[in-house]
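*Asks:* Prediction below, plus the sequence it came from.
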Amino acid sequence: MNPAKTMYHKPNQYRLGLIGLILVCSTISIIALSSGQLTLSASQLLQALMGSGPEYLVTVVTQWRLPRIFMAMTLGAALGISGTIFQSLIRNPLGSPDVIGFNTGSYTGVIVTIILFGGHYFHLAAGALIGGIGSAALVYLLAYRQGVQGFRLIIVGIAISAMLTALNTWMLISASLESAMSAALWGAGTLNGITWNKGIPAAMVIFITIFFATTLTTRMRLLEMGDDAANALGVAAERTRLWLMLAGVALTAAVTAAAGPVSFIALAAPQLAKRLTGSHSVTFPAAGLMGATLLLTADFLSQTLFAPNQLPVGVVTVSIGGIYLVWLLLRESKSL
């Protein structure tokens, strides 16, 4: 039986779920574009988007607000798809880059880069990518025992994350005040000051990686049936797992490079998308849209809850995600 054909419980619910997420994303985007310290009417917003309004309005909308909204949706989609990959490979709803420690590894790479090379954006992006891949390789090697099992990977990942957190704290304490402040601000996870120049490189990496991961979707579904079944159907289980993990880490590192470590979106988006769409397995479109909606909503709240002061978006996602994690842990404990 083709798993791709038995993926959904309710096809109508799946389509309605996707449409609902698109509508919510669109609505929040329009509200975010038109609201703020400078509130715009519908006609002013349309003129600014068309480039025919006053120059200051065009700048506010197209150069300040629009790149932030675009990157919030892009980074949220990347986190949702990354979480889907890891939860599928580990076969556990706790399997996400946040819990396993890949976010922490990317942040370690950023701190090292700030201390050694300063805060140049592309240096930070490279540091986040190297740190994420390095931590993933370490977790994978330590968890490998004639293959990788989900529970072992989670336990090893939590241990490595704890050690990297301690290392990060030590580096922040030992660094100069300027470097420590830059790294701490980055570590909060924020979209403040995001521009097209900063966002487009990360977005390109994300789109290319998502396209690559999409080509592995069928193999990923076969892996969910078990390594023996996947191998019997012609899928090289371990090699496919490595490619999928690399894609998931690359997505997480790209997000960390652009906005810092944004927590809990990768954990929550796949499971919320699964419940909304009524699917057997989470699909990339559903998880991506859910991740985009969650991060866009969190960023909008970070700008408006304590206006005119703005919170880092990571503070909002941690606050909401902590509640979700407690609920998930209680739910999982009842099923044991």
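*Replies:* Sure thing, it's come through.

*Asks:* Can you name the residues that contact Leu294?
*Replies:* Listed by CB atoms under 8 Å, 6 or more residues apart in numbering, the contact partners of Leu294 are 76, 80, 265, 268-269, 272, 317. No exception for glycine: its C-beta is placed from N, CA and C like everyone else's.

*Asks:* same thing but 6 Å
*Replies:* 76, 265, 269 (CB atoms under 6 Å, 6 or more residues apart in numbering).

*Asks:* out of those, which is most surrounded?
*Replies:* Ile265 (33 neighbours; other CB atoms under 10 Å).

*Asks:* I'd guessed that residue sits against Leu295; true?
*Replies:* Yes - using CB atoms under 6 Å, Ile265 is in contact with Leu295, at 5.4 Å.

*Asks:* Which neighbours do these two have in common?
*Replies:* Gly76.

*Asks:* Show the average pLDDT along stretch 281-297.
*Replies:* In this model, stretch 281-297 has a mean pLDDT of 92.

*Asks:* Check stretch 326-336 too.
*Replies:* On average, stretch 326-336 scores 68.

*Asks:* can you map out the helices along the stretch 201-336 of the chain?
*Replies:* Taking DSSP state H, counting those that start in this stretch to define them, one finds helices in the stretch 201-336 of the chain at 217-223, 227-232, 237-259, 265-277, 284-304, 313-334.

*Asks:* Mind telling me which residue is nearest the centre of the protein?
*Replies:* Closest to where the C-alpha atoms of the chain average out (CA atoms, centre = their mean) is Leu79, at 1.9 Å.

*Asks:* I'd like to know which elements the one helix or strand that residue maps to is packed against.
*Replies:* Assigned by DSSP states H and E, Leu79 belongs to helix 66-90. Based on contacts counted as 3 or more CB pairs under 6 Å, 6 or more residues apart in numbering; DSSP states H and E, the elements that helix 66-90 packs against are helix 196-214, helix 237-259, helix 265-277, helix 284-304.

*Asks:* Any idea which of those gets closest to Tyr14?
*Replies:* Tyr14 lies closest to helix 265-277 among the helices and strands packed on helix 66-90, at 4.3 Å (CB to CB).

*Asks:* What are the contacting residues of that closest one?
*Replies:* 14, 17, 76, 79-80, 82-84, 87, 93, 96-98, 282, 286-287, 290-291, 294-295, 317, 324.

*Asks:* Now do it: distance to the chain's middle.
*Replies:* Distance, stretch centre to chain centre, for helix 265-277: 12 Å (CA atoms, centre = their mean, to the nearest Å).

*Asks:* taking the mean pLDDT, what do you get for that helix?
*Replies:* For helix 265-277, the per-residue pLDDT averages 88.

*Asks:* in that helix, what's buried?
*Replies:* For helix 265-277, a neighbour-count test (16 or more other CB atoms under 10 Å) marks 265-274, 276-277 as buried.

*Asks:* Distance to Ser34 for the helices and strands packed on helix 66-90 - can I get that in TSV?
*Replies:* What follows is these, written out as TSV (distance: least, CB to CB, whole Å):
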stretch	distance to Ser34
helix 196-214	20
helix 237-259	23
helix 265-277	25
helix 284-304	12
